[in-house]
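> Here you go, sequence then predicted model.
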Amino acid sequence: MSKAFATGPHEGAADDADRRAQLARIRLATTLFFGIGGFLFAGWSVRIPAIKEQVQASPGSLGLALLGISGAAVLTMLVTGAMCRRWGSRQVTVASAVLLSLAVVPPTLTHSPLTLGLTLLIFGVGYGAIDVAVNSVAVDLIEAIDRPIMSGLHAANSVGSLVGAGLGAVLAIRLAPLPHMLVAMPLGLLATAWAARLLMSAPLARASRPKPAGPTHGGGGGRHLGMVVALASVVALCAAYSQGAMDNWVPLHIETDLDGNSAAAAAGYATVAGTLTLGRIVGVRLLERFGHVLVVVGGGIVAAGGALLMALSPTLWLVFVGLVITGLGLANIFPTALALAGQRGGPNGIAVASTLGYGGILLAPPTIGFLAESFGLARALTIIAAMLVVAAALSVLVRHEFRRDSEPAAQPATPVAETASST
């Protein structure tokens, strides 16, 4: 027996262990980048009242200034897919995290609504770019490790938001917005530097874009994939709309419709955030054990029932039961839809789904406010249940496209093989 033949199995086992270690580092880095985005955005958000006083903005002028974030983020999302294809998703993720870390300081130096809005354009560019880029990295990583980890990564974003908001609340007691952001900025840059080193420590192949099963004619496969991306993106919109509506209107519903105090209203918001985070933390195991169809479609139907209970119940404790049910059912819909859009459409698919999802968040407050004027806030909130039913119904249409991570692959993947153009 030759030496090469005798040691081959040991070498193969060593190679497998090395690949797993490399992917573990990349996964940790990706998780950190999700957390960095949430940390920086939440840290900025808790200082908006102080910034409003600093620039002496009216509610209307402040709203226009804040459109700088929204508008720049949406426009940046539309082009980030092309940037990821050209320079690589990991490179764009690192660059956008650096930009976002730096962008938290300029708004604190402004003294008018106009200059505030202009500086927030930079913040919006960084936020929009990292949203698409890090989700594109996540899609590559999902294929490399063959596990549905998108929900867990989005949970990291929620945890980062909670840390950023908590630290901001503590620092806001003693610090003005500028010194606060001078603390947040180096924290963001240091975390980015550490995460970037891990992220670039090993090659990561771009996720393939599989063709649909069955015969296609005349480019029908491309049209089919485009339809899958479109449907997944609308599912993402419905899920994001529901979350945005709950974030913005549930505290007011508790105070005005149920005579709850401010503590109960804050607890309502915390319940939404906490159940979404918890649902995403356990989402990976749920998806692996029960499959995407049950978790996404079933979760949407369950969440719709919870939303109706939350909106129409006259009793405060039942409202909280409804919030828990809605949050847990909703938790994995948006990450799974985003992953499907990326798996079938690449970075462009992520860009479309992210843009529509962000659009849903922006659309929720004004539409529910308009409906509340005519029908009352409680009835207006039932639109959340309608959006969740739509998300569940559209998920049924693309049920065959969901990854079957619990099924054994026909051949083992080579997750760290990479060409010169890979991300």
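Cool, got the structure.
> Please work out the average pLDDT along the helix or strand hosting Ala129.
Here Ala129 sits within helix 113-145, counting by DSSP states H and E. Across helix 113-145, the average pLDDT comes to 93.
> buried stuff in that helix?
By neighbour count on 16 or more other C-beta atoms under 10 Å, the buried set for helix 113-145 is 113, 116-117, 119-145. Where you see a C-beta, it was placed from the backbone N, CA and C, and this is true even at glycine.
> Against which helices or strands is that helix packed?
With contacts taken as 3 or more C-beta pairs under 8 Å, 6 or more residues apart in numbering; DSSP states H and E, helix 113-145 sits against helix 3-45, helix 48-55, helix 59-87, helix 89-103, helix 150-172, helix 333-375.
> So what touches the shortest one?
Surrounding helix 48-55, the residues in contact under the criterion C-beta atoms under 8 Å, 6 or more residues apart in numbering are 62, 65-66, 107-108, 110-113, 115-116, 172, 176-177.
> top of those residues by neighbour count?
Pro107 (27 neighbours; other C-beta atoms under 10 Å).
> separation between that one and Gly117?
From Pro107 across to Gly117, the span is 9 Å (C-beta to C-beta, to the nearest Å).
> and if you look at Ser70?
For Ser70 relative to Gly117 (C-beta to C-beta), the value is 11 Å.
> For the nearest residue to Ala165 once chain neighbours are set aside, list the residues it contacts.
Nearest non-adjacent residue to Ala165, counting by C-beta to C-beta, 6 or more residues apart in numbering: Ala42, 4.3 Å away. Shown in contact with Ala42 (C-beta under 8 Å, 6+ apart): Gly160, Ser161, Leu162, Val163, Gly164, Ala165, Gly168.
> Drop anything exposed from those.
Looks like those have Gly160, Ser161, Leu162, Gly164, Ala165, Gly168 buried, using 16+ other C-beta under 10 Å.
> separation between the fourth one and Leu330?
Here the criterion is C-beta to C-beta. By it, Gly164 lies 22 Å from Leu330.
> what's the answer for the last one, then?
Here the distance between Gly168 and Leu330 works out to 25 Å (C-beta to C-beta).
> Tell me the pLDDT of Ile361.
Per-residue confidence at Ile361 stands at 85 (pLDDT).
> ok, now how distant is the nearest residue to it once chain neighbours are set aside from Leu258?
Nearest residue to Ile361, sequence neighbours excluded (C-beta to C-beta, 6+ apart): Gly244, at 3.7 Å. With distances taken as C-beta to C-beta, Gly244 is found 21 Å from Leu258.
> So which of these two has more stuff around it?
Just comparing Gly244 and Leu258: by other C-beta under 10 Å the higher neighbour count belongs to Gly244, 21 against 17.
> Tell me the secondary structure at the more buried one.
helix (DSSP: H, G, I helix; E, B strand; the rest coil).
> residues in contact with it?
Applying C-beta under 8 Å, 6+ apart to Gly244 gives the contacts Gly360, Ile361, Leu362, Leu363, Ala364, Pro365.
> before we move on, what about Leu182?
Val105.
> low-scoring stretches of the stretch 201-350 of the chain, by residue?
208-222, 224-225 (pLDDT under 70).
> Quick check: chain neighbours aside, which residue is closest to Pro365?
In this structure, Pro365 finds its nearest non-sequential neighbour in Asn248, 4.7 Å apart by C-beta to C-beta, 6+ apart.
> burial count for the one you found?
Counted with other C-beta under 10 Å, residues neighbouring Asn248 total 16.
> What distance do you get for it to Ser242?
11 Å.
> Skip the chain neighbours and tell me the closest residue to the residue positioned nearest the centre of the chain.
Centroid check for the chain by C-alpha atoms, centre = their mean gives His154 as the closest residue, at 5.2 Å. Setting aside the residues directly before and after it, His154 is nearest to Pro335 in space (C-beta to C-beta, 6+ apart), at 4.4 Å.
> wait, doesn't that neighbour sit right on Ile149?
No: between Pro335 and Ile149 there is no contact under C-beta atoms under 8 Å: 9.1 Å.
> So Leu102 is in contact with Pro186, correct?
No: when contacts are counted by C-beta under 8 Å, Leu102 is not listed as touching Pro186 (10.3 Å).
> Give me the more crowded residue out of these two.
Neighbour totals were compared for Leu102 and Pro186, and Leu102 leads with 15 against 10 (other C-beta under 10 Å).
> quick one, what contacts the more buried one?
Gly126, Met185, Leu189 are the contacts of Leu102 under C-beta under 8 Å, 6+ apart.
> Can you classify the last one by secondary structure?
Secondary structure, three-state DSSP: Leu189 is helix.
> got the contact list for it?
By C-beta under 8 Å, 6+ apart, the contact set of Leu189 is Val98, Ser101, Leu102.
> how many neighbours does the second one have?
A total of 24 residues lie near Ser101 under the criterion other C-beta under 10 Å.
> ok so, going back, looking at the contacts of Ala42, which one is closest to Ala265?
Ala265 lies nearest to Ala165 out of these, by C-beta to C-beta, at 15.8 Å.
> Residues that sit against both of Asn248 and Ser242, list them.
Here Asn248 and Ser242 have Ala364 as joint contacts, going by C-beta under 8 Å, 6+ apart.
> returning to what we had before: could the contacts of Ala42 go into TSV alongside pLDDT and distance to Ala195?
Formatted as TSV, those follow (pLDDT from 0 to 100; distance: C-beta to C-beta, whole Å):
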residue	pLDDT	distance to Ala195
Gly160	90	12
Ser161	86	17
Leu162	85	19
Val163	88	15
Gly164	87	16
Ala165	82	21
Gly168	85	21
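> Tabulate the residues you listed (a markdown table), appending distance to Ala273.
What follows is these, written out as a markdown table (distance: C-beta to C-beta, whole Å):
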| residue | distance to Ala273 |
| --- | --- |
| Gly160 | 12 |
| Ser161 | 8 |
| Leu162 | 7 |
| Val163 | 12 |
| Gly164 | 12 |
| Ala165 | 9 |
| Gly168 | 15 |
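> And these, which is closest to Val282?
Leu162 (16.9 Å).
> Spatially nearest residue to that closest one, not counting backbone neighbours?
Nearest residue to Leu162, sequence neighbours excluded (C-beta to C-beta, 6+ apart): Ala273, at 6.9 Å.
> List the residues that contact the one you found.
Taking C-beta under 8 Å, 6+ apart, we find Ala273 in contact with Ser158, Ser161, Leu162, Asp247.
> Over to Arg223?
With contact set as C-beta under 8 Å, 6+ apart, Arg223 has no partners.
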